[in-house]
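A.B. asks: Prediction below, plus the sequence it came from.
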Amino acid sequence: MISFSVNSQTGKVEIESIFDKDLNVNSDEEAAFKIIYSFLPCDLLDRVFIERRSKDYISMFCGANDFLRLKYSTRSKWLSLRLPHDVAALNVDNPLFSAQTNKNQLHWRGNLQSLDDLKLFKNLIISSCVYISE
């Protein structure tokens, strides 16, 4: 697991490992999780952590369930979100999810060109986190 904190002197978000489990997070993935963390509601931050449960991506959890999966490397850049049903219904034709062909799956994949693209998913990331926390 990873813990997030805000440095009270600098105001910067910091990520540090709680356990010795090797996450193999590259610098771009670390930067992406810092950006994603900054989007999340303050009242849920103490329940949010990341874990590698797959060799292909890193998951972000709120409590016992993952709401976001991320792969960010030189060859592949994407995230997938577990959208609430009502939000999914509104986003069936959203070009952000053009990479997701089966819209009946729980997690919907969206391709990223750069870390700046995470801003396009901000409200969807927040909705996914809040949904999974309930």
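C.D. replies: Right, received. Where do you want to start? All values reported here derive from a predicted model rather than from experimental measurement.
A.B. asks: switch to C-alpha atoms for all contacts and neighbour counts from now on
C.D. replies: Fine.
A.B. asks: Go through the longest strand along the chain and flag the buried ones.
C.D. replies: Looking only at the chain and at elements set by DSSP state E, the strand with the highest residue count is strand 65-72. Buried residues in strand 65-72, counting neighbours by 16 or more other C-alpha atoms under 10 Å, are found at Asp66, Phe67, Leu68, Arg69, Leu70, Lys71, Tyr72.
A.B. asks: What of stretch 75-92?
C.D. replies: Using 16+ other C-alpha under 10 Å as the burial criterion, the residues of stretch 75-92 that qualify are Lys77, Trp78, Leu79, Ser80, Leu81, Arg82, Leu83, Pro84, Ala88, Val92.
A.B. asks: Then stretch 112-126?
C.D. replies: Applying a neighbour-count criterion of 16+ other C-alpha under 10 Å, the buried positions in stretch 112-126 are Leu112, Leu115, Leu118, Phe121, Lys122, Leu124, Ile125, Ile126.
A.B. asks: any idea which helix or strand comes after the longest strand of the chain?
C.D. replies: Moving toward the C-terminus from strand 65-72, the first helix or strand encountered (DSSP states H and E) is strand 77-82.
A.B. asks: That following strand pairs with which strands?
C.D. replies: Strand 77-82 has these partner strands in its sheet, going by DSSP bridges: strand 65-72 (antiparallel), strand 107-111 (antiparallel).
A.B. asks: any chance of those in TSV, plus mean pLDDT and distance to Val6?
C.D. replies: Rendered in TSV, the data for these read as follows (pLDDT from 0 to 100; distance: least, C-alpha to C-alpha, whole Å):
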stretch	mean pLDDT	distance to Val6
strand 65-72	96	21
strand 107-111	97	28
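A.B. asks: Quick check: which ranges of the chain have low pLDDT?
C.D. replies: 1-5, 15-22 (pLDDT under 70).
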